[in-house]
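1. Turn this into a model:
(chains A and B)
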Amino acid sequence: MNVLFGNLTHFGALLFFALVVSLTFAFLSKRGIADRVKYTLWAFLAFLLVAIGIGWLMFPFSQ
Amino acid sequence: MDETMKREAVKGNLMMGIVAALAGWVVPGLGHLLLRRWSKAAVYFLCVGGLACAGLAMRGGVFGAGAEDLFDRLGFFADLGAGVFYFLAHQIQAAGPDIAHATGDYGTRLFAAAGMLNLLTALEAYDIGRGGEPR
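-> Numbering: from 1, shown residues only, chains lettered A, B, ... in the order given. The predicted structure follows:
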């Protein structure tokens, strides 16, 4: 397990979290492969966009 | 073809819903497996299990039952949602938690998120087992 996740960077953890949560939500809320793929991609990109946006907003406070 | 499209689900009732929900809580995806939702079972097991294992590998904290602080109690209920991964957390995470570093703190959140996701999947298993509209 440590081989898989032990060296996960913070950004890597963010990508992994976004992917698995998007995938789970897609299977919970959508029917059919096409809808699930579309929803997964959409939610994954939304997670990334929001996380990077919040990161930029918080950047001045780290100085 | 997706199994949800085939409409070959087991005919549902309340008891089946409760059994599926409990099974799905204990082992992520097991409730769906009992209801013959093969792809959902596999995806839920891999996603919840992967998230829980990542959280533990990052040396995240796992909340115990005896917490007095409200947030710790909420954390306990979130963690408990991960089912078997919660009960085996100390075996999986041999080195123990390290929340003094940011990575360990992230791990704590990932493990709690795994628990919450699993509760959602267990609720869905209850709904399908009870005879609700399959998704």
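
2. What is the helix or strand B:N118 falls within packed up against?
-> For B:N118, the host element (DSSP states H and E) is helix B:102-129. With contacts defined as 3 or more Cβ pairs under 8 Å, 6 or more residues apart in numbering or on different chains; DSSP states H and E, helix B:102-129 has these neighbours: helix A:10-29, helix B:14-26, helix B:30-34, helix B:38-57, helix B:70-80, helix B:84-87. C-beta: built from backbone N, CA, C; applies to glycine.

3. in the second one, what's buried?
-> It refers to helix B:14-26. Of the residues in helix B:14-26, B:M16, B:G17, B:V19, B:A20, B:A21, B:A23, B:G24, B:W25 count as buried by neighbour count, 16 or more other Cβ atoms under 10 Å in any protein chain shown.

4. ditto for the last one
-> Residues of helix B:84-87 classed as buried: B:F85, B:Y86 (neighbour count, 16+ other Cβ under 10 Å).

5. circling back: of the buried residues of helix B:14-26, closest to chain A?
-> Within these, proximity to chain A (Cβ to the nearest Cβ) peaks at B:G24, which comes in at 12.1 Å.

6. How about the contacts made by the closest one?
-> Contact analysis of B:G24 by Cβ atoms under 8 Å, 6 or more residues apart in numbering or on different chains lists B:L30, B:G31, B:H32, B:Y44, B:N118, B:T121, B:A122, B:A125, B:Y126.

7. Now do the same contact list for the residue nearest to it when sequence neighbours are not counted.
-> For B:G24, ignoring the flanking residues on the chain, the nearest one in space by Cβ to Cβ, 6 or more residues apart in numbering or on different chains is B:G31 at 2.7 Å. Going by Cβ under 8 Å, 6+ apart, B:G31 touches B:19-25, B:41, B:121-122, B:125-126, B:129.
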